[in-house]
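[1] what shape does this take:
(one chain, ligands or ions: 1)
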Amino acid sequence: MIGQQKIIAALADVLPDLNTATIAEKLEAPKSSQLGDVAFPTFTLAKALRKAPQQIAADIVATINQEGFEKIVATGPYVNFFLDKVSTSQDILSDVLSKKNTFGDNNDGQTANITIDMSSPNIAKPMSMGHLRSTVIGNALANITQKNGYQPVKINHLGDWGTQFGKLIYAYKTWGSEEEVKSDPIATLLRYYVEFHEKAKADESLNDEGRAWFKKLEDGDAEAHELWQWFRNESLKEFTEIYDRLDIQFDSFNGEAFYNDKMTQVVDLLNEKQLLVESQGAQIVDLSTVDENLTPAMIKRSDGATLYMTRDLAAALYRKNTYNFAKSLYVVGGEQREHFRQMKAVLSLLGFEWADDVEHIAFGLITFNGKKMSTRKGDVVLLKDVLDDAHELALKQIQEKNPTLANKDEVAEKVGAGAVVFHDLMNDRTNNFDFSLEEVVRFEGDTGPYVQYTRARALSILRKAQQEVDMASLSLDDQATWDVVTSLGQFPTVVRQAWQRREPSIIAKYALHLSRAFNKYYANSRILNEDDQLNARLALVNSVAIVLEESLRLLGVKAPEEM
Ligand code: ARG
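    Residues are numbered from 1 along each chain as shown. From the prediction side, this is the model:
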């Protein structure tokens with residue numbers, strides 16, 4: 001909270017029985033900014049002080065040292081603080097301008113590692129809008145952890161192993177063709193997969209064929225392995241195009257297959273602790289002692305094949321041993337909640353205390369113009385198509401609004417992709433939401449382009465002014481300015497909250513709030529007017545540009561200089 005130190009010190013003077021941490025906890029934002037900048041509620045003091053809250057508030061105001069504040073008033077049971085606008089603005093703006101993009105950094109994390117399992121699409125299937133959420137939420141969380149002093153490790157746990165590859169190999173060998181796959185790899189492989197399921201409906205035995213091929217693959221059969229490797233390479237090429245487009249990098253592409261030779265360790269440990277029991281030929285871990293609502297975790301199928309769960313357990317151990325993480329995050333859709341609860345339960349049965357540091361960062365379902373996504377039926381919305389359409393829409397608006405802009409195509413890509421990413425991130429992550437591009441790629445309203453546009457506007461003012469900003473004469477004290485300044489001052493708190501709640505939407509909502517405050521200010525002031533406040537106004541404009549750019553960077557959204 002802005003001015004917090006000053007307020008705590010003043011309150012501590014008149015409330016010697018309260019320690020500063022207790023005071024800090026009670027401070028809150030008043031219901032409206034008209035009531036003040038910071039409020040201190042007195043309800044909880046009534047008992048100890050044997051006075052009515054209203055009386056306590058009035059007594060505090062009568063005795064507190066008001067120096068350095070515009071005023072301090074009692075409003076019912078609240079003590080409301082109005083900060084001195086001139087000195088507070090000066091403090092905040094000089095902080096932003098001297099720290100630039102490091103403004104808001106903290107060292108809470110002390111360089112501890114946070115592993116982030118993110119994106120993790122499945123080989124031989126298109127990356128769908130569903131995987132977009134994992135990719136962009138994971139990427140934003142990585143940026144946010146870093147801003148909080150941690151070291152993120154971004155892991156793409158590719159779905160490159162499992163029975164589906166047996167099915168695919170069978171389908172390819174039975175009715176596929178090499179030329180077809182080469183000409184359009186993922187689409188063709190997806191078609192084979194869909195056809196497999198259609199045919200399997202009529203003929204159950206196909207499933208056995210698929211299983212048999214997967215068993216061969218797990219047993220190291222050369223032909224199966226070669227086909228698998230080929231499917232994997234082709235898929236990765238297509239995924240990489242999308243990652244490049246979103247400018248998202250990974251520290252590791254160790255997918256499920258990477259753990260093939262690392263599963264015996266988990267199985268041995270489970271055996272040692274006598275946790276494995278047999279059930280209908282399969283090996284399972286009973287989890288009812290941890291939580292009676294949890295169904296058992298299946299570790300090995302009756303034919304000896306390992307499972308998604310087995311590989312995830314091996315991966316969890318590997319990550320602890322390799323990175324010694326402080327937290328291990330899994331950015332995966334809410335439909336896998338049960339899976340991750342089971343995984344954590346098995347880890348804690350194994351006696352690993354760090355099981356508590358494993359967190360499923362769940363997110364809601366995304367629909368696109370009301371359409372759901374399902375790869376089984378082949379009815380998918382492709383991320384690539386969405387990005388292409390967003391690009392087109394952005395380009396159209398740029399051509400209307402700024403026909404002379406030089407690098408329209410480049411800007412349209414930043415605006416289109418930025419719009420999609422921003423929209424994804426501005427919703428609380430566990431919400432389900434529907435999505436239409438027209439609504440998202442708009443330059444007005446609660447959109448990414450609106451924030452980008454606001455920052456470009458700030459930059460254009462600075463270009464016109466053509467002078468260095470210096471802070472010497474700052475004395476801004478009107479309400480519109482003050483709303484911008486207080487919003488800027490909240491950024492460090494927002495950075496912390498976004499991490500504490502694992503919620504990039506806090507940054508996105510903040511960026512919208514700051515943009516609105518700035519545009520209101522812009523509409524009501526003659527920023528470039530040649531008077532003795534010109535410098536101060538430019539300092540404000542420059543600070544806004546810096547903090548908006550940094551907010552967008554945290555979200556993984558590019559900010560064009562002009563648009
Ligand atoms: N490939 C999986 C899917 O698309 C997601 C993997 C998530 N990560 C994990 N460690 N289980 O559903």
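[2] could you use CA atoms for every contact and neighbour count after this?
    Will do.
[3] how many neighbours does residue 303 have?
    11 (other C-alpha atoms under 10 Å).
[4] how about residue 20?
    Neighbour tally, residue 20, other C-alpha under 10 Å: 15.
[5] tell me who's in contact with it.
    8, 9, 12 (C-alpha atoms under 8 Å, 6 or more residues apart in numbering).
[6] contact partners for the residue of the stretch 151-300 of the chain at minimum distance from the ligand?
    Closest residue of the stretch 151-300 of the chain to the ligand, C-alpha to the nearest ligand atom: residue 159 (4.1 Å). Residue 159 sits next to 120, 121, 122, 123, 255, 256, 257 when contact means C-alpha under 8 Å, 6+ apart.
[7] check residue 231 too.
    123, 124, 185.
[8] for whatever helix or strand residue 211 lives in, which positions count as buried?
    Counting by DSSP states H and E, the element that carries residue 211 is helix 205-218. Applying a neighbour-count criterion of 16 or more other C-alpha atoms under 10 Å, one finds 206, 207, 209, 210, 211, 212, 213, 214, 215, 216, 217, 218 buried in helix 205-218.
[9] for stretch 289-309, buried residues please.
    Those would be 294, 295, 296, 297, 298, 299, 300, 305, 306, 307, 308, 309, for stretch 289-309 by 16+ other C-alpha under 10 Å.
[10] now do the helices in the stretch 251-400 of the chain.
    Here the stretch 251-400 of the chain has its helices, by DSSP state H, counting those that start in this stretch, at 263-272, 308-323, 337-349, 383-401.
[11] out of those helices, nearest to the ligand?
    helix 308-323 (5.5 Å).
[12] elements contacting that closest one?
    strand 113-117, helix 263-272, strand 297-300, helix 337-349 (3 or more C-alpha pairs under 8 Å, 6 or more residues apart in numbering; DSSP states H and E).
[13] anything in that helix near the ligand?
    Yes: with C-alpha under 6 Å from any ligand atom as the measure, helix 308-323 is seen reaching the ligand through residue 312.
[14] list the buried residues in that helix.
    308, 309, 310, 311, 312, 313, 314, 315, 316, 317, 319, 320.
[15] what's the angle from the helix ranked longest in the chain to helix 205-218?
    Counting by DSSP state H, the longest helix found in the chain is helix 222-246. Orientation of helix 222-246 against helix 205-218 (axes from the mean of the first three to the mean of the last three C-alpha atoms, to 10 degrees) gives an angle of 90 degrees.
[16] quick one: name the residues of the stretch 1-150 of the chain near the ligand.
    So the stretch 1-150 of the chain meets the ligand at 117, 120, 121, 122 (C-alpha under 6 Å from any ligand atom).
[17] in the sheet, who's paired with the last one?
    Assessed by DSSP bridges, residue 122 has beta-bridge partners residue 159.
[18] and it, what does it touch?
    Counting by C-alpha under 8 Å, 6+ apart, residue 122 has contacts 158, 159, 160.
[19] I'd like the average pLDDT over stretch 233-246.
    The average pLDDT within stretch 233-246 is 93.
[20] ditto for stretch 288-299
    Computed over stretch 288-299, the average pLDDT equals 95.
[21] what's the answer for stretch 460-468, then?
    85.
[22] hmm, who's touching that stretch?
    With C-alpha under 8 Å, 6+ apart as the criterion, stretch 460-468 contacts 528, 538, 541, 542, 562.
[23] looking at the helices and strands packed on helix 308-323, which is buried most?
    Neighbour counts (mean count of other C-alpha atoms under 10 Å) averaged over each of the helices and strands packed on helix 308-323 peak at strand 113-117, with a mean of 24.
[24] domain-wise, how is this structure divided?
    The record's domain parsing of the chain by automatic domain parsing lists 4-83, 383-555.
[25] deepest of those domains, which one?
    domain 383-555 (a mean of 19).
[26] show the end-to-end separation of that one, please.
    18 Å (C-alpha to C-alpha, to the nearest Å).
[27] now that domain, how far from the centre of its chain.
    18 Å (C-alpha atoms, centre = their mean, to the nearest Å).
[28] and what of stretch 300-308?
    34 Å.
[29] centroid-nearest residue for the chain?
    residue 137 (3.1 Å; C-alpha atoms, centre = their mean).
[30] for the helix or strand it falls within, name the packing helices and strands.
    Taking DSSP H and E as the criterion, residue 137 maps to helix 129-147. Secondary-structure packing of helix 129-147 (3+ C-alpha pairs under 8 Å, 6+ apart): strand 113-117, strand 151-155, strand 327-331, helix 408-426, helix 479-500, helix 534-555.
[31] quick check on the residue of the stretch 451-563 of the chain found nearest the ligand: phi, psi?
    Minimum separation of the stretch 451-563 of the chain from the ligand (C-alpha to the nearest ligand atom) falls at residue 502, amounting to 17.1 Å. Note on residue 502: backbone dihedrals following degrees, to the nearest 10 are phi 50, psi 50.
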